[in-house]
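Undergrad: give me coordinates for this.
(2 chains)
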Amino acid sequence: MGFENFGTVSFTTEAKAAEFITYLEQGKVMATRCPKCGVSYFPPKADCPSCLSGEVEWFEVKGKGKLATYTIVNYGPSGFENDAPYILALGEFEGGIQIMSRLSKDIAPSDIKAGMSLVVSSLKRPDGRISYEFKKG
Amino acid sequence: MADRKVCILGGGMSKWGVREASIVDMAQEAAKDCFDDVPVLKKEDVDGLLFASSYCGRRSFQVNAAPVIAERIGIKPTSMCTRVDTLCAGGSSGIILATGLIKAGMADIMIVIGGEKLYTPQRWETYYSELASIDHDWDGAQGIGLPPPFFSMTAQEHMKRYGTTKEQLSAVSVKNRRNGLNNPKGHFQKAVSLEEVMASRPIAPPLGLLDCTPVTDGCAAVILTHEDKAKELSDRPLVYVRGTAQVALHSMSMNWPGEDLTDWVHLRTAAKKAYERARVSPDDIDVAQTHDCFTISEIIEMEDLGFCKKGEGGPFVESGKSDFGGKIPVNTDGGLLACGHPFGGTGIRQAREIVYQLQGRAIGQVEGAKIGLTHNLSGLNVEHTILIYGREP
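TA: Numbering: from 1, shown residues only, chains lettered A, B, ... in the order given. Coordinates of the predicted model:
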C-alpha cells in the first residue's frame, strides 16, 4: 500500500514494490538489485525481470548522476495542468541506473544543460503527495 | 499441407478526422469502403475478423468489440473473431496474425479492421487515458504520459549527436503534408511551408505543433486471403505479404536498461528479420510508409531501416531522397502527420496505400513500384513492427 499517494496523479494502489513508498517517506529513493543475477532496476521490481527470482535486495540510489537530456512540458496530461510547465529529464547514475524524473523548480532554466551533475531526492509536494525529483548535484 | 501464400486483395478507410461517429460506425464505414474495393467478394464468405484497437474499451466503453463489429458489417466469422492491441502497431499486428492464420489453413478470407475514437467530447479524457499506454504506475506519476516530451528528448539527443537541424525536422512535415494534399480520406489536406513548420506553436521544443501527428478518429480495413482464392476474386495484380517482424525491447519503463534514445536497436533488429524473411534488402524497397508520429521519428527510421547511414537521416530527408523522385518515396499518402493516427488504424492505412501503390492505382503513384514496406513504432518506442509486401511471393 502507499502508491495511492505517489506522484502528481497515482494510477495504482497496490503493487508488490510498495516498499519503495515506505522508503520514499523516509527520504530515500531506492532501487532493487537481484543477488542471483546481479541486475539492478529502477523503477524497482519486487521480482527480478531478468531471472524471475523473487529474492531482490533494496539499495539507495546515491551519488551524483549526469543529465543526459531534458524537455519542457508545456501541456501536461489531465491532472498535471497545474504543474505545467515542468521539466522532465533523463539522468544516468552509477551501475547503469537511468531515471526519468522532473527537475526541481529550484534549478534556474538558464543553469540547465546536458551533462550537468544531478542527485535524485524524495519530494513531499505541498498537497501532501509524495514523489522524487532531480536536484543539482 | 504446404504453407499457403497470402495476398492482400484491397483496402478501405472511413473518413479520418474529428468525427461525430462511434468506433463501430467508423469500423462499418471502413469495411464498406473495403468491400467496395473488392467487388467480386461476397462478404458472407469472409470467415475471419480481427479488430485492432487499443482504446475502444476506455474511450468508447466497448470491450469485446470484434463480435459487435461482425454483427454491424453483416458477417458471421467461423474461424476467428477477436480484438488485437499493440497500440500504434495494432493494425500491423492484425495483418501479421491474419497472414499466419491463412498461411496455416486456419482461415481462408479475413478482414482486418482497425481504428480508434480518440477525440471525445470530454477533452480531459484524451489526456488522461493516454497515460495508460505507458508503464503508468511509474512514468505516468511523473507526467510523461503524452508522447511529445519523449520524442522531444529523442530529437534533442539526435541533434546533439549528429548535428540534425530544426530545418531537417520541419522538412519531414512539409513533405508528408504535401503528400496528403490529394488524399481525401486523411485528416488534413493542407500544404505547409518550411517557415510555417519552423514557427509553429511550441509543444515540447524543438517539436512544434506541425511536427506532431494530431488526435484523430477513424478506421481502416483490408482483406487478406490465400493466393488461389485471390486469383478467383480479383483481376488486379496480386500483392503478397512477403516478410514480417515485430520486435519488443525492454523500454517500457523509465530506466530503459541499456538502451538509448536515438539508437533504435529494436528497429534495426526488426528490419534485419523482415528483410531476411522477405528475401530483399533495403535497396529493393520501392516505396515505404513509416511511422512519422513526430518528424524526428521518420528521420531515425530512415537510418535504422537502412535507407541511409546512421546519423544521416536529417540530410537524407532534407535533400528530397525520401520524396517522390528520390531514392525511396516515404509516406506517399501523407503519413501520420497528414492522415492522423487513430492507433489501431494506422498499420492498415499504410497497408492499403502499399497495396494501391503495388497495383499502380495510388493517388500519388510511385511509377513501377514492385516492393513496399510498412513500419510502426508503438508507445514510447517500445516495439517496432515491419511488413514487406511484393508483387511476387
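Undergrad: going forward, measure contacts and count neighbours with C-alpha atoms only.
TA: Fine.
Undergrad: what sits against residue B:144?
TA: By Cα atoms under 8 Å, 6 or more residues apart in numbering or on different chains, the contact set of residue B:144 is A:77, A:88, B:131, B:150.
Undergrad: thought residue B:138 was touching the third one, still the case?
TA: In this case it means residue B:131. No. Counting by Cα atoms under 8 Å, residue B:131 sits too far from residue B:138 to count as a contact (10.3 Å).
Undergrad: ok, back up a step: out of the contacts of residue B:144, who's nearest residue B:194?
TA: Residue B:194 lies nearest to residue B:150 out of these, by Cα to Cα, at 23.3 Å.
Undergrad: what's the closest non-adjacent residue to the closest one?
TA: What sits nearest to residue B:150 in space, not counting adjacent residues and going by Cα to Cα, 6 or more residues apart in numbering or on different chains, is residue B:380, at 7.0 Å.
Undergrad: mind checking pLDDT for the one you found?
TA: Note for residue B:380: predicted pLDDT of 83.
Undergrad: and the residue lying farthest from the centre of chain A, helix, strand or coil?
TA: In chain A, the residue that sits farthest from the middle, by Cα atoms, centre = their mean, is residue A:36; the gap is 24.3 Å. Per DSSP: H, G, I helix; E, B strand; the rest coil, the local secondary structure of residue A:36 is coil.
Undergrad: gap between the closest residue to residue B:349 other than its chain neighbours and residue A:44?
TA: Using Cα to Cα, 6+ apart and skipping residues adjacent in sequence, the residue nearest residue B:349 is residue B:220, 5.7 Å away. Between residue B:220 and residue A:44 the computed distance is 40 Å (Cα to Cα, to the nearest Å).
Undergrad: more neighbours, the two?
TA: Shown here are residue B:220 and residue A:44; by other Cα atoms under 10 Å in any protein chain shown, residue B:220 has more neighbours (37 against 24).
Undergrad: partner residues bridging that one?
TA: residue B:13, residue B:114 (DSSP bridges).
Undergrad: on that earlier part again, in helices, which of the contacts of residue B:144 fall?
TA: Counting by DSSP state H, the part of those found in helices is residue B:150.
Undergrad: for the stretch 101-250 of chain B, which segments count as strands?
TA: B:109-116, B:202-204, B:207-208, B:218-226, B:239-248 (DSSP state E, counting those that start in this stretch).
Undergrad: quick one: contacts for residue B:241?
TA: Contact partners of residue B:241, counting by Cα under 8 Å, 6+ apart, are B:5, B:6, B:7, B:8, B:99, B:387, B:388, B:389, B:390, B:393.
Undergrad: so where's chain A uncertain?
TA: A:1 (pLDDT under 70).
Undergrad: near chain B, which residues of it?
TA: Residues of chain A found near chain B (Cα under 8 Å from any Cα of the partner chain) are A:6-12, A:41-43, A:69-80, A:88, A:96-102.
Undergrad: run the last query once more with 7 Å
TA: A:6-12, A:42-43, A:69-74, A:76-78, A:80, A:97-102 (Cα under 7 Å from any Cα of the partner chain).
Undergrad: follow-up on the earlier one: which of the helices or strands spans the residue nearest to residue B:150?
TA: Under DSSP states H and E, no helix or strand contains residue B:380.
Undergrad: separation between it and chain A?
TA: 13 Å (Cα to the nearest Cα, to the nearest Å).
Undergrad: and the helices in chain A?
TA: Counting by DSSP H, one finds helices in chain A at the ranges A:19-25.
Undergrad: ditto for the stretch 1-150 of chain B
TA: B:23-37, B:65-72, B:90-103, B:123-129, B:141-142, B:147-162 (DSSP state H, counting those that start in this stretch).
Undergrad: deepest of these, which one?
TA: Scoring the helices of the stretch 1-150 of chain B by mean neighbour count under mean count of other Cα atoms under 10 Å in any protein chain shown gives helix B:90-103 as the most buried, with a mean of 25.
Undergrad: could you check the angle that helix makes with strand B:218-226?
TA: Here the directions of helix B:90-103 and strand B:218-226 differ by 20 degrees (axes from the mean of the first three to the mean of the last three Cα atoms, to 10 degrees).
Undergrad: contact partners of helix B:90-103?
TA: Residues from elsewhere that reach helix B:90-103 (Cα atoms under 7 Å, 6 or more residues apart in numbering or on different chains): B:3-6, B:50, B:52-53, B:84, B:107-108, B:110, B:112, B:114, B:225-226, B:244, B:343-348.
Undergrad: on that earlier part again, with pLDDT as added columns, please give the contacts of residue B:241 in JSON lines.
TA: What follows is the contacts of residue B:241, written out as JSON lines (pLDDT from 0 to 100):
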{"residue": "B:5", "pLDDT": "98"}
{"residue": "B:6", "pLDDT": "98"}
{"residue": "B:7", "pLDDT": "98"}
{"residue": "B:8", "pLDDT": "98"}
{"residue": "B:99", "pLDDT": "98"}
{"residue": "B:387", "pLDDT": "98"}
{"residue": "B:388", "pLDDT": "98"}
{"residue": "B:389", "pLDDT": "98"}
{"residue": "B:390", "pLDDT": "98"}
{"residue": "B:393", "pLDDT": "95"}
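Undergrad: what's the closest of these to residue B:207?
TA: Closest to residue B:207, out of all of the contacts of residue B:241 and judged by Cα to Cα, is residue B:387, at 28.3 Å.
Undergrad: in space, what's closest to that closest one - neighbours in sequence excluded?
TA: Nearest residue to residue B:387, sequence neighbours excluded (Cα to Cα, 6+ apart): residue B:244, at 4.4 Å.
Undergrad: same check on residue A:33?
TA: residue A:40 is the one closest to residue A:33 (Cα to Cα, 6+ apart), at 4.1 Å.
Undergrad: one more: residue B:212?
TA: residue B:294 (4.8 Å).
Undergrad: and the closest residue to residue B:313 other than its chain neighbours, what pLDDT?
TA: Among residues not flanking residue B:313 along the chain, residue B:299 sits closest, at 4.6 Å (Cα to Cα, 6+ apart). Per-residue pLDDT puts residue B:299 at 98.
Undergrad: ok, residue B:299 - how many residues close by?
TA: Residues near residue B:299, counting by other Cα under 10 Å: 30.
Undergrad: wait, the residue nearest to residue B:349 sits on residue B:12?
TA: Yes. Residue B:220 lies in contact with residue B:12 (Cα atoms under 7 Å); the separation is 5.7 Å.
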